[in-house]
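[1] Test case, fold it:
(one chain, ligands or ions: 2)
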Amino acid sequence: MPPNTQQTRKVIEVERTQWENNIEGSFITQEQYDRLPEEEKNDAFTGTLAFGTAGIRGKIGLGPNRLNRYTVEKVALGIAHSLKDDDDSLVVIGYDTRHFSPEFAQAMTSVLVTNNVSVKLSKQYISTPELSFHVREHNADLGVMITASHNPPEYNGIKVYGADGAQLIDRPASLLSEKINAIEDIFNIAAIPFEEALENGDAGYISTEMEELYKQRITAFIPEIPKSDLKVVFTSLHGTSVPIVPELLDTLGFNGYQLVEEQCRPDGDFPSVESPNPENESAFEEARTLGKKDEADLLIATDPDADRIGVQVLHNGEYVHLNGNQLGILLLNHRLDNHDGPSPVVIKSIVTSDLGRKIAEDKGAEMIEVLTGFKYIGEQIKMLEDNPEKQFIFGYEESYGFLLEPFVRDKDAIQIVPYLVSMASALKNEGRTLVDVLESIYETYGRRMEVLFSHTFEGTSGKEEINEIMRQFRTNTPKKLDRREVVMSEDFKTQTRTYQDGRTEKIELPQADVIKIHFQDGWIALRPSGTEPKIKLYASLDSEHIEQEAKFINDMIFGV
Ligand SMILES: O=P([O-])(O)O[C@H]1O[C@H](COP(=O)(O)O)[C@@H](O)[C@H](O)[C@H]1O
Ligand SMILES: [Mg+2]
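    Ligands and ions are numbered 1, 2, ... in the order given. All right, here's what the predicted structure looks like:
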């Protein structure tokens with residue numbers, strides 16, 4: 001616990017007693033609560049949930065700093081208040097396969113409907129990209145996706161979308177936060193029962209036709225999957241991409257795939273994986289076992305809300321795990337080679353490798369860079385809508401997030417699967433793999449290797465430790481790291497770019513807690529995660545020994 005004054009400690013204690021008295025109805029059982037260590041309980045009553053990189057994310061549990069019925073209802077009422085001026089407001093809600101996701105979605109529906117907001121809700125679990133699609137297609141005022149993406153099972157979260165189908169960026173998110181934070185009596189928020197909301201017609205389910213429409217949009221833009229003997233193993237990591245992905249592959253006439261059956265069962269415990277995050281090679285263990293049996297060419301995994309996608313490629317008899325940058329440049333390269341239309345625009349985040357920029361510019365595309373968070377890519381796509389001379393063709397992040405077609409305004413792993421299968425199938429007929437293409441890209445544009453280190457610091461004290469590491473790095477930004485001279489450094493918090501000769505200039509991006517330092521052959525960046533209690537060190541260098549070199553830098557910064 002941080003050094004609270006006696007008074008604030010007292011407030012927390014009173015509040016805690018209030019919460020404990022209201023445990024019934026919170027969705028959390030007394031037994032679950034009692035089982036928690038005191039430290040966890042303290043954290044649950046210190047502070048409140050807040051918007052991060054991708055909406056609100058936190059552990060499920062009792063207390064203002066946890067996800068439970070009351071905190072979800074509070075967000076719902078805040079949303080209703082933010083829409084108040086509009087008489088016929090509509091909110092579209094989706095939810096994933098996590099614990100309490102359907103319950104939270106229904107609780108949210110009840111509060112919204114009670115406050116004269118109509119709701120369209122998904123009848124079963126759906127993916128994040130589908131939710132974004134439905135917000136747009138329904139001309140809704142707002143969208144809500146109940147998910148904590150790939151976080152561990154004890155987490156859940158609320159992603160909030162604007163009318164364009166992209167997640168709320170800073171200004172609208174802080175306006176909404178003001179409405180949410182203004183709500184005081186969170187134990188007595190009025191809400192009619194969910195069934196009643198359905199019966200009186202203020203809430204309804206998203207129609208099957210609409211669900212089909214999303215699939216049609218995908219099959220319409222995917223080039224035919226060339227016939228080949230390509231073999232694919234697919235896993236949804238217990239999330240939302242099954243049955244939709246196999247349905248799409250069937251429609252496109254591709255039957256060379258197998259599912260990791262056990263992992264394609266929706267389950268909020270994610271029992272068969274260490275972490276349901278396709279960034280981690282361990283998420284592919286089951287897929288690899290199955291793949292090895294009949295030499296599958298491609299292993300594909302999506303995260304639980306199916307906005308992230310990871311791939312392993314069989315190359316010279318071994319499965320090679322592609323990182324988000326590598327998969328990104330493969331998709332980008334292919335997309336640009338097949339583009340025929342207005343001047344193409346590509347968007348990537350500042351912590352994504354520069355190789356994408358080289359490829360894009362070489363092939364005549366404009367590259368826009370944004371802060372971390374796919375919402376900023378969504379913002380740029382919207383700005384491009386009014387310009388008939390430019391066309392958004394690809395948005396991506398190193399964190400395994402990609403978007404080709406903007407009928408969705410968040411990263412969309414589902415539209416990527418058939419596109420990638422189509423690419424790999426054509427290559428198979430030429431006796432090549434995605435790794436061969438990657439190698440030829442490196443030959444043309446130069447090699448870049450990437451490594452990401454994440455360090456976990458839990459709770460309120462963890463947050464302070466992370467802030468302290470950032471502060472230290474900010475005040476003592478190195479001029480040299482290992483054998484590398486720093487040629488330029490960027491502090492996105494002060495929006496200042498500083499060159500080696502002392503010259504400075506303003507960074508034209510919103511403020512963000514990120515420090516990036518550049519060398520002749522690449523860069524490293526340090527930033528706190530906005531979705532997990534972690535600090536992230538990104539390295540993107542032209543180095544054969546990236547693992548050791550980045551580890552050295554990591555150990556220097558983190559004092560290992
Ligand atoms: O977790 P997801 O798949 O919703 O993805 C979310 O988090 C990622 C990691 O963010 P951070 O580094 O702040 O944790 C972001 O890159 C992404 O834009 C965002 O949508
Ligand atoms: Mg996700």
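[2] Which elements pack onto the lowest-mean-pLDDT helix or strand in the chain?
    Of all the helices and strands that make up the chain, helix 6-21 has the lowest average by mean pLDDT, DSSP states H and E, namely a mean of 82. Counting by 3 or more Cβ pairs under 8 Å, 6 or more residues apart in numbering; DSSP states H and E, no packing neighbours are recorded for helix 6-21 among the helices and strands. Yep, even glycine has a C-beta here, placed from its N, CA and C like the rest.
[3] one more time with 10 Å, if that's ok
    Contact partners of helix 6-21 among helices and strands, from 3 or more Cβ pairs under 10 Å, 6 or more residues apart in numbering; DSSP states H and E: helix 30-34, helix 38-44.
[4] export the first one as CSV, just CAs?
    By that I understand helix 30-34. The C-alpha atoms that make up helix 30-34 are tabulated as CSV, following Å, rounded to 0.1, in the frame of the first residue of the first chain:
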residue,chain,number,x,y,z
GLN,A,30,-18.1,-14.8,-0.1
GLU,A,31,-15.9,-17.9,-0.4
GLN,A,32,-13.9,-16.4,-3.4
TYR,A,33,-13.5,-13.2,-1.5
ASP,A,34,-12.4,-14.8,1.8
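[5] in that helix, what counts as buried?
    Applying a neighbour-count criterion of 16 or more other Cβ atoms under 10 Å, the buried positions in helix 30-34 are residue 33.
[6] which residues touch it?
    Applying Cβ atoms under 10 Å, 6 or more residues apart in numbering, the set of residues contacting helix 30-34 from outside is 19-20, 23-24, 26, 40-41, 44, 60-63.
[7] With the longest one instead?
    Contacting residues not belonging to helix 38-44 are listed as 1, 12, 16, 19-20, 28, 33-34, 36-37, 58-59, 61-66, 68, 458-463, 533 [Cβ under 10 Å, 6+ apart].
[8] any idea of the mean pLDDT in it?
    Mean pLDDT, computed over helix 38-44, is 92.
[9] and after it, which helix or strand comes next?
    Next along the chain after helix 38-44, taking DSSP states H and E as the criterion, comes strand 51-52.
[10] by contact count, what packs against the following helix or strand past that next one?
    Tracing the chain C-terminally past strand 51-52 and defining elements by DSSP H and E, one meets strand 55-59 next. Contacts defined by 3+ Cβ pairs under 10 Å, 6+ apart place strand 55-59 against helix 38-44, helix 69-82, strand 142-146, strand 155-161, helix 170-181.
[11] How about the residue of the stretch 1-150 of the chain found nearest ligand 2, nearest residue that isn't a chain neighbour?
    As assessed by Cβ to the ion, ligand 2 sits closest to residue 149 within the stretch 1-150 of the chain, at 3.1 Å. Of all residues not flanking residue 149 in the chain, residue 305 sits nearest, at 5.3 Å (Cβ to Cβ, 6 or more residues apart in numbering).
[12] which intervals of the protein have sub-threshold pLDDT?
    1-5, 84-86 (pLDDT under 70).
[13] Alongside ligand 2, which residues does it contribute?
    When proximity is defined by Cβ under 5 Å from the ion, the chain lies next to ligand 2 at 149, 303, 305, 307-308.
[14] Now for those: which two are most distant?
    Within those, two members stand farthest from each other by Cβ to Cβ: 305 and 308, at 8.2 Å.
[15] between those two, what contacts are shared?
    Shared contacts of residue 305 and residue 308 (Cβ under 10 Å, 6+ apart): 128, 149-150, 239, 276, 411, 413.
[16] restrict those residues to those near ligand 1?
    Checked against ligand 1 using Cβ under 6 Å from any ligand atom, the shared contacts of residue 305 and residue 308 yield the following neighbours: 149-150.
[17] Which member of the shared contacts of residue 305 and residue 308 is positioned nearest ligand 1?
    Within the shared contacts of residue 305 and residue 308, the smallest distance to ligand 1 is 3.4 Å, found for residue 149 (Cβ to the nearest ligand atom).
[18] now that closest one: how far from residue 275?
    According to Cβ to Cβ, to the nearest Å, residue 149 stands 11 Å off from residue 275.
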